[in-house]
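> need a 3D model of the following:
(chains A and B)
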2 protein chains.
Amino acid sequence: MKISILGSGMVGQALAGKLAEIGQDVMVGTRNPGKIADWLAKNPKVKTGSASESAAHGEIIINALTGTSTLDMLKSIGEAHLNGKILIDIANPLDFSKGMPPTLFVSNTDSLGEQVQRALPQVKVVKTLNTLSAHLMVNPRSLADGDHTLFLSGNDDEAKARVTSLLTEWFGWRDILDIGDITSARGTEALLLLWISMSTKLGTSNMQIKIVR
Amino acid sequence: MKISILGSGMVGQALAGKLAEIGQDVMVGTRNPGKIADWLAKNPKVKTGSASESAAHGEIIINALTGTSTLDMLKSIGEAHLNGKILIDIANPLDFSKGMPPTLFVSNTDSLGEQVQRALPQVKVVKTLNTLSAHLMVNPRSLADGDHTLFLSGNDDEAKARVTSLLTEWFGWRDILDIGDITSARGTEALLLLWISMSTKLGTSNMQIKIVR
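Prediction:
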């Protein structure tokens, strides 16, 4: 399957590496492939291109950009390469401008997921994978054999069902929970506040939430 | 032990009922005991009084008021009845004024827990029990035999240790996680956004978070 990954940071690399490893046709969108030359040498199956080339390549788009760059980058790619496609949105609206710990630049009455969906009404935005470490996103079974929960928010039920099967097939996710339309992204994006406190206190990012029900 | 419970809604009743049942000396602070006359008839060991009488009675204070009434009520009780004591703060800053679902009237860069601590600097505020249903607060073992997580935020380590033993002893909590100083209440209060989405989607409040680590 042709997959576009926007962003070549830790999250983009984890996803691109794993997806290429399992035989997917991945193109990472990055302005500066030179910056990840060492990583690309170890992941020779991963293609690179501009953000627009990557989006044009992908049947599915994964947004692994920082929260602050997400809207500008998506707008610069333009609707022609995005409309009708599923956009898996992993970005969190983290504002590091006032130092650590970060705060959220949108929250409570709105979310970055909603902003993306409003900016691109013809795109099927599915907010997910934004509540855990890059390692656990693609290796959920490495913790408690995968007995923990991944949240899914979005307005398109078919797109959510598709993303659920893909994440199960690609990475082995066992417990994927649809929590509602894209406004429910307010809840998972705000979870970052708790995640950061816990991660600081426990001294690890190797933890996850399980919804016991 | 003499315990003050401020607020006689669902949360106050669940706590007062259970604590009286296990032999604690509970006084509920309420302006209008007539409103809970039926409940009091079934829970004859529970005392009632004004909020100030209840606070004066308690060695430990439990704030089970609504978020919107918390600060005014605590200020009206006054520091004399509160200073030096542990205040278990369960209130969430839920704003229902714009309809359902509620939003938060303080979040992201501040929290109700912090507002309470700033208003009462000599009180040992421990934010906890605010992330789950009233039933599960006092009956954690009724779900997955208690294999789920309760969060604790506060500036006073001794007070947090004390509250941890009390909640274990009173209700049988198994997994209580100290997530940091009172600023970490931003994370647990914002968790309500996720909780409300999930509860709506799953059609139940009988669910809880487990931090898998």
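> how about the helix of greatest length in chain A, does it get close to chain B?
In chain A, assigned by DSSP state H, the helix with the most residues is helix A:185-202. Yes: on the criterion Cβ under 8 Å from any Cβ of the partner chain, helix A:185-202 is in touch with chain B at A:186-188, A:190-191, A:193-198, A:200-202. The way it works is simple: take the backbone N, C-alpha and C, and place the C-beta from them, glycine included.
> that helix: which residues count as buried?
A:185-199, A:202 (16 or more other Cβ atoms under 10 Å in any protein chain shown).
> picking up where we left off before, need the residues of helix A:185-202 next to chain B in a markdown table with pLDDT, can you?
Below are the residues of helix A:185-202 next to chain B laid out as a markdown table (pLDDT from 0 to 100):
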| residue | pLDDT |
| --- | --- |
| A:Arg186 | 98 |
| A:Gly187 | 98 |
| A:Thr188 | 98 |
| A:Ala190 | 98 |
| A:Leu191 | 98 |
| A:Leu193 | 97 |
| A:Leu194 | 98 |
| A:Trp195 | 98 |
| A:Ile196 | 97 |
| A:Ser197 | 96 |
| A:Met198 | 97 |
| A:Thr200 | 95 |
| A:Lys201 | 94 |
| A:Leu202 | 95 |
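> out of these, who's nearest A:Ala64?
A:Thr188 (15.7 Å; Cβ to Cβ).
> give me the pLDDT for the spatially most central residue of chain A.
In chain A, the centroid-proximal residue (Cα atoms, centre = their mean) is A:Ile90; its distance is 2.3 Å. Per-residue confidence (pLDDT) for A:Ile90: 98.
> please report how far it lies from chain B.
17 Å (Cβ to the nearest Cβ, to the nearest Å).
> which residues touch A:Thr131?
Under the criterion of Cβ atoms under 8 Å, 6 or more residues apart in numbering or on different chains, the neighbours of A:Thr131 are A:150-151, A:188, A:191-192, A:195, A:209.
> find me the pLDDT at the residue lying closest to A:Ala55 once chain neighbours are set aside, would you?
Spatially, and ignoring its direct neighbours in sequence, A:Ala55 is nearest to A:His81 (3.9 Å; Cβ to Cβ, 6 or more residues apart in numbering or on different chains). Per-residue pLDDT puts A:His81 at 98.
> what does chain A have sitting close to chain B?
Counting by Cβ under 8 Å from any Cβ, the residues of chain A that sit close to chain B are A:103-104, A:107-109, A:143-144, A:147-148, A:151, A:153, A:177-180, A:183-184, A:186-188, A:190-191, A:193-198, A:200-202, A:204, A:206-213.
> now the strands for chain A?
Listed in chain order, the strands of chain A (DSSP state E) span residues A:2-6, A:25-29, A:47-49, A:60-63, A:86-89, A:94-95, A:103-104, A:124-128, A:149-154, A:175-180, A:208-212.
> can you list the strands that the fifth one pairs with?
Here strand A:86-89 is paired, per DSSP bridges, with strand A:60-63 (parallel), strand A:124-128 (parallel).
> same question for the last one.
With DSSP bridges as the test, strand A:208-212 is paired with strand B:208-212 (antiparallel).
> likewise the first one?
Strand pairing for strand A:2-6, determined by DSSP bridges: strand A:25-29 (parallel), strand A:60-63 (parallel).
> can you pull the contacts of A:Met25?
Residue A:25: Asp, not Met. Contacts here follow Cβ under 8 Å, 6+ apart; on that basis A:Asp25 touches A:1-3, A:47, A:57.
> do you know how far A:Trp195 is from B:Gly58?
34 Å (Cβ to Cβ, to the nearest Å).
> same check, this time on A:Ala91
A:Ala91 sits 46 Å away from B:Gly58, going by Cβ to Cβ.
> where in chain A is pLDDT low?
Within chain A, no range satisfies pLDDT under 70.
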